[in-house]
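Student: Sequence and predicted structure are below.
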Amino acid sequence: MKEKGAFKKKSRNVSKVAFLLIYLVFPILWIRQQHSLIQMVHLFVLLSILAGFVFFLVSEKENENLQFHMKWFLQGYLSGVLGLLLFPFLPQEAWPFPVIALILVLNSDTVLAIFAYALFLAGTVIITNAGIAVFMLYFIAGLATILFFSKVDKEYRIGIPLFLSVSVMVMMLTANIMSVADPIRKTEVFLIPLINIFVTVLLSLLYLKYYSFGRIHKYREKYMEINDQEYKLIVSLKEASRENYFHAIHTSYFCDKAVNLIGGDKELSRALGYYHRLQDYIGIKSTEESIEILQQYEFPPELIQTLIHYQKPDKSIIDKEETIVYFADAVISAVMYLIKKNPETELNYDKIVHAIFQKKLESNCLKNCSLTLEEVYLLETMFVKEKLYYDFLR
């Protein structure tokens, strides 16, 4: 636990140093020699306030969101610092700002990405005296990128978000050119924006490829590993208690069937089936200890976040995958208990499943559940039809 605390302290120190890097822009002001003392004070105050907002949001994310990783967020932040240092020496129409917005939103969330993006864009606009029109051009283009890529699904389908964000950038650059008074109708007027669009698309595709290999595929491979019944953590569970082991196996089986029936993240659902009771299985006494063990086994952040939430006694279940394991765990627990109590008893599975679903639907846990009534009906029907499987548990 001490090592974990030291790691968090080190992470905070790194983030503080990183946030101070934005003040490297002041030597640029000196080089350009186009700014008064009042403008420099204005820039200092603006950067300080926006950086303060960003630092506050990052601190909140580190404490509350296990899917947030500082080292990945710093990729977006440092790319913004680099843009803040380099873009003032480029033509205004050549700033590939949407790439920074893309990196920020992929590695944080919508609100944090907007504040961080505004920090770098506002600083660049003030340094260059670009004006409100240029600020709005890149601010809207960046907002479009943040909005569309914040909706990227778990299958990582990026074609439509990239097309829409680039389309907004094209429209904004075109509007900016056409708004110039008495524009010179020469190729040079459109050449720089065209180059900017090409560079933005190219850099976006390169980063999306890097992100895919660094995070998306990495976690997919990890899910394949931890969802294997021969995985070391599942094997250790088998050695500790065969009853708990089979409970996990059966729950995961139903989670797999349920997610194929009503949709959802299949790998996440299967993993929840295996590990939803891990805290009880191996005698973990605190949430911090649970997080430490899961991170030690390099579980995907989304899975850790969901497992920790599921294990809370006063949880409010929203996500489909969490709801599926909630029903599957209840049905398996009831059937195994009744069979263990009297192995020779003929059980009325229809009645058991219906009673469980009614009880769970009336509980406060599911008041914000994302499942529709039709999906609940499909799940209940699926569990009722598994009578042969229940007999296999005897």
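Tutor: Yep, that arrived.

Student: all contacts plus neighbour counts: C-alpha atoms, from now on.
Tutor: Will do.

Student: which residues of the stretch 151-300 of the chain score low on pLDDT?
Tutor: Under the criterion of pLDDT under 70, the regions of the stretch 151-300 of the chain flagged as low confidence span 153-155, 179-188, 281-285.

Student: For residue 178, see how far away residue 324 is.
Tutor: Taking Cα to Cα, to the nearest Å as the measure, residue 324 falls 54 Å from residue 178.

Student: neighbour count winner among these two?
Tutor: Residue environment comparison for residue 324 versus residue 178 gives the larger neighbour count to residue 324, 27 against 12, counting by other Cα atoms under 10 Å.

Student: which ones are touching that one?
Tutor: Residue 324 is in contact with 255, 258-259, 269, counting by Cα atoms under 8 Å, 6 or more residues apart in numbering.

Student: Can you list which of those residues are found in helices?
Tutor: Among the contacts of residue 324, DSSP state H puts 255, 258-259, 269 in helices.

Student: Flag every buried residue along the longest helix along the chain.
Tutor: The helix of greatest length in the chain, counted in residues with DSSP H as the criterion, is given as helix 37-64. Along helix 37-64, these residues count as buried under the neighbour rule (16 or more other Cα atoms under 10 Å): 40, 43-44, 46-48, 50-51, 53-55, 57-58, 61-62.

Student: Can you name the next helix or strand after it?
Tutor: Next in sequence after helix 37-64, counting helices and strands by DSSP states H and E, comes helix 70-86.

Student: Would you mind getting the angle between that next one and helix 37-64?
Tutor: Regarding helix 70-86 and helix 37-64, their directions subtend 170 degrees when assessed with axes from the mean of the first three to the mean of the last three Cα atoms, to 10 degrees.

Student: so what does helix 70-86 touch, helix or strand wise?
Tutor: Judged by 3 or more Cα pairs under 8 Å, 6 or more residues apart in numbering; DSSP states H and E, helix 70-86 is in contact with helix 2-20, helix 25-32, helix 97-106, helix 110-128.

Student: 6 Å - rerun?
Tutor: Judged by 3 or more Cα pairs under 6 Å, 6 or more residues apart in numbering; DSSP states H and E, helix 70-86 is in contact with helix 97-106, helix 110-128.

Student: Would you mind saying which of those helices lies nearest residue 159?
Tutor: Residue 159 lies closest to helix 97-106 among the helices and strands packed on helix 70-86, at 13.6 Å (Cα to Cα).

Student: Which residues outside the closest one are in contact with it?
Tutor: 76, 80, 113, 117, 142, 146, 204 (Cα atoms under 6 Å, 6 or more residues apart in numbering).

Student: Now flag whichever of those is closest to residue 169.
Tutor: For these, the closest approach to residue 169 (Cα to Cα) belongs to residue 142, at 8.2 Å.

Student: count of neighbours near residue 20?
Tutor: The local packing of residue 20 (other Cα under 10 Å) involves 13 other residues.

Student: domain parsing for the protein?
Tutor: Domain assignment for the chain by automatic domain parsing gives 2-222, 230-392.

Student: Return the distance of the longest one from the chain's centre.
Tutor: Right, domain 2-222. Averaging C-alpha positions (Cα atoms, centre = their mean, to the nearest Å) puts domain 2-222 18 Å from its chain's average.

Student: Please apply the same query to the shortest one.
Tutor: Between the mean C-alpha point of domain 230-392 and the mean C-alpha point of its chain there is a distance of 23 Å (Cα atoms, centre = their mean).

Student: What's the end-to-end length of that domain?
Tutor: Rule used - Cα to Cα; the end-to-end distance of domain 230-392 is 21 Å.

Student: And for stretch 365-376?
Tutor: According to Cα to Cα, stretch 365-376 extends 15 Å from its N-terminal end residue to its C-terminal end residue.

Student: Any buried residues in that stretch, and which?
Tutor: Taking 16+ other Cα under 10 Å as the neighbour-count basis, stretch 365-376 is seen to contain the buried residues 365-366, 369, 371, 375-376.

Student: what mean pLDDT does it have?
Tutor: Averaging pLDDT along stretch 365-376 gives 83.

Student: SS state for residue 163?
Tutor: For residue 163, the reduced secondary structure class is helix; criterion used: DSSP: H, G, I helix; E, B strand; the rest coil.

Student: Excluding residues flanking it in the chain, which one is nearest residue 307?
Tutor: Excluding its sequence neighbours, the residue lying closest to residue 307 (Cα to Cα, 6 or more residues apart in numbering) is residue 276, at 6.0 Å.

Student: what are the phi and psi values for the one you found?
Tutor: The phi/psi pair for residue 276 (degrees, to the nearest 10) reads phi -70, psi -20.

Student: Tell me, how many residues neighbour it?
Tutor: So residue 276, with other Cα under 10 Å, has 26 neighbours.

Student: what's the spacing between it and residue 325?
Tutor: Taking Cα to Cα as the measure, residue 276 falls 8 Å from residue 325.

Student: again, but for residue 205
Tutor: Using Cα to Cα, we find residue 205 at a distance of 37 Å from residue 325.

Student: And those two? Which one has more around it.
Tutor: Here residue 205 and residue 325 are set side by side on neighbour count (other Cα under 10 Å), and the busier one is residue 325, at 26 against 15.

Student: Tell me the one of the contacts of helix 97-106 nearest residue 26?
Tutor: Of all these, the one with the least separation from residue 26 (Cα to Cα) is residue 80, at 15.4 Å.

Student: residue contacts, the closest one?
Tutor: Going by Cα under 6 Å, 6+ apart, residue 80 touches 100, 120.

Student: in what helix or strand does residue 318 lie?
Tutor: Under the assignment here (DSSP H and E), residue 318 is part of no helix and no strand.

Student: For it, grab the count of nearby residues.
Tutor: The criterion is other Cα under 10 Å. On that basis, residue 318 has 15 neighbouring residues.

Student: for it, phi and psi?
Tutor: phi -120, psi -50.

Student: got it, and residue 308?
Tutor: Reported as degrees, to the nearest 10, the phi and psi values for residue 308 are phi -60, psi -40.
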